[in-house]
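Colleague: Structure for the following, please:
(chains A and B)
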Amino acid sequence: MINHMGRFLFILLGLWVTGALAAPPQKVLHLELSAAETGFDPVMTSDLNTASIEQQLFESLLTYDYLARPVKLIPRLAAAMPTVTDQGRTWLFTLKRGVYFSPDPVFKGQKREVTAQDVVYTLMRFMDPKNRSPYKFLVEGKIIGLDELGEAARKTGHFDYDARIPGLEVLDRYTLKIRLKTTDYNFAHAMAQPMYGIVAREVIEGYAGDTASHPVGTGPYYLARWIRSSLMVLERNPNFRHEVWRFDPGNDPDSQRIAAQMQGKTIPQIDRVEIQVIEEAQSAWLSFGKGELDMIGLAGQFAPIALRGAHLKPSLAQRGIRLDRISDPSIAYYFINQQDPVLGGMSKEKIALRRAIFMAQNDEEMIRVIHKGQAVRNAYPIPEGVAGADPGYRSLLDYNPGEANRLLDRMGYAKGPDGYRRQPDGQPLAVRYTSSLSSQDRELDEMMKKALDRLAIRFESEKLKFPEILKAERQCRVQIRLSAWIADYPDGDNFMQLWYGPHTHENNGSCYQDPVWDRLYEKTLTLPDSPQRDALYHQLARLLELNGVTKVSTTHIRNVLSQPWVIGFKAHPILPSVWSLMDLDASRAPHP
Amino acid sequence: MNLTAFLFRRLWQMIPTMLGVVLLVFLLFNWVGGDPAYVLAGKMANPDDIANIRHQLGVDRPLWEQLLIFVRQIVTGDFGNSWATREPVSEIFRTRLGPSLVLLLPMLLLETVVAVVVALTVAAMRGSVLDRTLMVTSTVVMSISLLVYIIVGQYVFASLLGWFPVKGWSDDLWRNLTTYAVLPVLLGLMVSIAPSVRLYRTFILDEISQDYVRTARAKGLSERRILLVHVLRNAAIPIVTNVLMGLPALLTGAFLLERFFAIPGIGREIIMAVERSDFPIIKAATVYVALATLLANLLGDLLYRALDPRVQFE
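Modeller: Model prediction:
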């Protein structure tokens, strides 16, 4: 009997010891991407989905504070914020010491530390024509000597990575001085982009031709498994330095709740991130409902199912699901080609026609019908949360079809026998609206037709594939279009440059070339974020309306749903992903 | 004509057909394909950037030169890299074709077997309640779009009832076949079986009304033997033609099923390529499908001979 009892106790003890010594369960975060990734060489990528993964694999010199709103730059690979002198023309960066790239066979078993020379190499890659970098505009024309190297490479077909660039001076292993051609207070934002994550030259050269498949960075995770266009698995980077979650929550109760959960924890808390490409919103929604996904970005068509106004429906809230809802740093805006023979030009009647067309657009209806309530009216070219925004701005072009019709009557746009208006000289008048073949754009066509019907102006539709729209826009062939812009960096300049004359044939789709406007804009470039610059931005916005160049319509609302076991998540307006700053309550998660 | 001569002649005939396809694809792409440089260049590209990309892609070269490159790619089988992701096109087909086949081969097999069995059954009972009910049901079922089946099926069977996963894929073939591909295959069959049943029923009914069937019945052969041995054998030629015509579609995947069930197949990849104006992938897909169609036709001719010795190679 005693023997039996002893054996039983021994087994119990064994089980207890095994349980106590066993490793805690892995924390695995399950996520989705709504579109396929395009490869993981940061210099070559530009889409948000890929950037969200690169944000975890690579580290740029700077980043954004997780909780601060409005957003605030903080050091990432840099040991501190850069010293800026010479009126924003000289930037001195000092790197953190002991930061290592994730292990890779290229390093032959050695730990490879990040140095200032890696930063120089990374910046040089943006100007190498072979890389066709979509994000080179953030350094192009800025760093002394860098453009010239790119130009030489374009002629010779060879980019000289060993060349000495006057604007990129390595002072020692950890210190880099960057000298710019002109004042640029936004240069720090460029250094915070995930595309500007630092890479090692031997990795890029070691995997030449296939760098997109070999992302080796210093971020908290490395790419452990990749099935293209399907699945990406990130695992903790064993070389990641010891970093502690330490952010100031300020007075925001939500941030305070998150800080209480996360303060003092080491980064990252989550062991593994599994990201599946799920292009259909229904599939993501149903997977989330079954607990197979820990978080989803709520697609517009599911907003009426999940939300009542700005809040979760009780059925979801009762399950402990959380809603994070933020205004995206984006604008949707109508623009009219200022060089168009029918709508363009600066005569009074042309300006009146353009303003009337803008005033016939019913933004509230668009928010209700197209965005299913997940957008807000925003009339200012710089959206809320971005430096230079003016939430109190009052537009001259708010929806007012009565006033728009009176304006057209006054300017001689009389109606012909067919009931449609004609040009003051009696010529027929039709407005050609350019849009893509997507289903949402078909709905927008209907809205534009309704708007023009309100003015008795004949509507014509031009349907093009997206690349062709871009081409037509850059060749100043589009007449009117609804476009959108999301911030690359949270500064008003990133939006105001959309109407800068020299950016015609680039991204100034309205082909607006006004010397007065351009001079004011150029003045803003010499100023840091300040009331003085805000006043100039206000003048610029007003001129755009007065001249009938553009009408800013809405700003998109981003809704992110997370399961009850997700800890520490707060949607960030600029950072494409924050997975390393979150945690999971593994005991509540349904999947291992 | 013997088999070798027949094969040689048919293969030789493929060359002008392929050249026609190549020319058509090339002209269509250059006419309506869009200029990918404007997307690849990013949000803030200047005309120099666009020119640089166009130069790297080779779309700034004279059309005849581009056409020659295309022909060379077909001959060498090397279609270069995707313009959007820079992944080799050969790698794209190698890795994405597998998942599509895991989905489509069982679908094709099941569709053929089930449709033949059902068509034989209802043809044998022509005019009965069962026959009429099945024909009406087939018409209704094939009138509904695959998209509706997917949306409703995924919601009801995967989400509500939990019988299948909502989406997913793995590296394990068996797991894919028995877990992830089951619901997509069943939903695909909902759409594809009905037209096949109606078609095969017509083929079989055509045969049933032939004199040799009456003779067989007069000789006292059982209905089962008449149907399975005599009728089915003669109806097999159009059935095989129909099945073979579906083979090239295996190369293009099942776009909707792959997209909704997050299956990394070739169908999704081709649609993405069209959206991105990713010409190397479009070129490869078109050439492979054209080639597969020609080979399927050739295979069909060979099978006709095997099924009916009266068929001569000419």
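Colleague: residues from the stretch 351-500 of chain A in reach of chain B?
Modeller: Residues of the stretch 351-500 of chain A lying close to chain B (Cβ under 8 Å from any Cβ of the partner chain) are A:465-468, A:470-471, A:474, A:485, A:488. From N, CA and C alone the C-beta is placed, and that goes for glycine too.
Colleague: Which residue, other than its chain neighbours, is closest to the residue of the stretch 1-150 of chain A found nearest chain B?
Modeller: Across the stretch 1-150 of chain A, the shortest distance to chain B (Cβ to the nearest Cβ) belongs to residue A:134, at 2.5 Å. With Cβ to Cβ, 6 or more residues apart in numbering or on different chains as the criterion, residue A:134 has its nearest non-adjacent residue at 2.5 Å, and that residue is residue B:42.
Colleague: check contacts around that neighbour.
Modeller: Taking Cβ atoms under 8 Å, 6 or more residues apart in numbering or on different chains as the criterion, residue B:42 is in contact with A:46, A:133-135, A:137, B:49.
Colleague: again with residue B:39
Modeller: Applying Cβ under 8 Å, 6+ apart to residue B:39 gives the contacts A:466-467, A:470, B:84, B:276-277.
Colleague: If we use 6 Å, what do you get?
Modeller: residue A:467 (Cβ atoms under 6 Å, 6 or more residues apart in numbering or on different chains).
Colleague: Now name the helix or strand holding it.
Modeller: Using DSSP states H and E, residue B:39 maps to helix B:37-40.
Colleague: got it, and residue A:533?
Modeller: helix A:531-546.
Colleague: what distance separates the following helix or strand past that helix from the centre of its chain?
Modeller: Under the assignment DSSP H and E, the closest C-terminal helix or strand after helix A:531-546 is strand A:550-562. Between the centre of strand A:550-562 and the centre of its chain there are 12 Å (Cα atoms, centre = their mean, to the nearest Å).
Colleague: With stretch A:48-56 instead?
Modeller: Relative to the chain's own centre, stretch A:48-56 is displaced by 10 Å; criterion: Cα atoms, centre = their mean.
Colleague: before we move on, the earlier item: with just CA atoms, put the helix holding residue A:533 into PDB.
Modeller: C-alpha atoms of helix A:531-546 as PDB (Å, rounded to 0.1, in the frame of the first residue of the first chain):
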ATOM      1  CA  PRO A 531       2.400  79.000 -36.800                       C
ATOM      2  CA  GLN A 532       4.100  81.000 -39.500                       C
ATOM      3  CA  ARG A 533       4.200  78.000 -41.900                       C
ATOM      4  CA  ASP A 534       0.600  77.200 -40.900                       C
ATOM      5  CA  ALA A 535      -0.500  80.600 -42.000                       C
ATOM      6  CA  LEU A 536       1.200  80.100 -45.400                       C
ATOM      7  CA  TYR A 537      -0.500  76.700 -45.800                       C
ATOM      8  CA  HIS A 538      -3.800  78.400 -45.100                       C
ATOM      9  CA  GLN A 539      -3.200  80.900 -47.900                       C
ATOM     10  CA  LEU A 540      -2.200  78.000 -50.200                       C
ATOM     11  CA  ALA A 541      -5.400  76.100 -49.400                       C
ATOM     12  CA  ARG A 542      -7.500  79.100 -50.000                       C
ATOM     13  CA  LEU A 543      -5.900  79.800 -53.400                       C
ATOM     14  CA  LEU A 544      -6.600  76.200 -54.500                       C
ATOM     15  CA  GLU A 545     -10.300  76.800 -53.800                       C
ATOM     16  CA  LEU A 546     -10.500  80.300 -55.200                       C
END
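Colleague: and it, which residues are buried?
Modeller: Neighbour-count burial for helix A:531-546, counted by 16 or more other Cβ atoms under 10 Å in any protein chain shown, picks out A:533-534, A:536-537, A:540-541, A:543-545.
Colleague: okay, residue A:281: pLDDT?
Modeller: Residue A:281 carries a pLDDT score of 93 in this model.
Colleague: ignore the last one, residue A:304
Modeller: 91.
Colleague: Help me confirm that it is found in a helix?
Modeller: Yes. Membership of residue A:304 in a helix is supported by DSSP: H, G, I helix; E, B strand; the rest coil.
Colleague: and it, how far is that from residue B:286?
Modeller: Distance of residue A:304 to residue B:286, computed by Cβ to Cβ, to the nearest Å: 41 Å.
Colleague: And the two? Which one has more around it.
Modeller: Just comparing residue A:304 and residue B:286: by other Cβ atoms under 10 Å in any protein chain shown the higher neighbour count belongs to residue B:286, 19 against 12.
Colleague: so the helix holding residue A:533 versus strand A:550-562, what angle?
Modeller: Inter-element angle recorded for helix A:531-546 and strand A:550-562: 110 degrees (by axes from the mean of the first three to the mean of the last three Cα atoms, to 10 degrees).
Colleague: What is the distance between helix A:531-546 and the centre of its chain?
Modeller: Taking Cα atoms, centre = their mean, the mean C-alpha location of helix A:531-546 is offset from the chain mean by 24 Å.
Colleague: now the helices: where do they sit in the stretch 301-450 of chain A?
Modeller: Applying DSSP state H, counting those that start in this stretch to the stretch 301-450 of chain A gives helices spanning A:303-306, A:314-317, A:348-359, A:363-369, A:401-410, A:439-454.
Colleague: so of these, which one's packed in deepest?
Modeller: Most buried of the helices of the stretch 301-450 of chain A, by mean neighbour count (mean count of other Cβ atoms under 10 Å in any protein chain shown): helix A:348-359, with a mean of 23.
Colleague: Return the list of helices and strands in contact with that one.
Modeller: Contact analysis of helix A:348-359 by 3 or more Cβ pairs under 6 Å, 6 or more residues apart in numbering or on different chains; DSSP states H and E lists helix A:401-410 as its packing neighbours.
Colleague: Using PDB, write down the CA coordinates of the helix it packs on.
Modeller: Output of helix A:401-410 as PDB, limited to C-alpha atoms (Å, rounded to 0.1, in the frame of the first residue of the first chain):
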ATOM      1  CA  PRO A 401     -25.900  73.100 -55.900                       C
ATOM      2  CA  GLY A 402     -28.200  76.100 -55.800                       C
ATOM      3  CA  GLU A 403     -25.200  78.500 -55.500                       C
ATOM      4  CA  ALA A 404     -23.300  76.500 -58.100                       C
ATOM      5  CA  ASN A 405     -26.200  76.800 -60.700                       C
ATOM      6  CA  ARG A 406     -26.500  80.600 -60.000                       C
ATOM      7  CA  LEU A 407     -22.800  80.900 -60.600                       C
ATOM      8  CA  LEU A 408     -23.000  79.200 -63.900                       C
ATOM      9  CA  ASP A 409     -26.000  81.300 -64.900                       C
ATOM     10  CA  ARG A 410     -24.200  84.500 -64.100                       C
END
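Colleague: still on that earlier bit, helix/strand/coil for the residue of the stretch 1-150 of chain A closest to chain B?
Modeller: Under three-state DSSP, residue A:134 comes out as coil.
Colleague: What's the nearest residue in chain B when you look at chain A?
Modeller: Proximity of chain B to chain A (Cβ to the nearest Cβ) peaks at residue B:42, 2.5 Å away.
Colleague: isn't there a helix covering that residue?
Modeller: No. Residue B:42: not assigned to a helix; according to three-state DSSP it is coil.
Colleague: Can you give me the distance of it to residue B:56?
Modeller: Distance from residue B:42 to residue B:56, by Cβ to Cβ: 14 Å.
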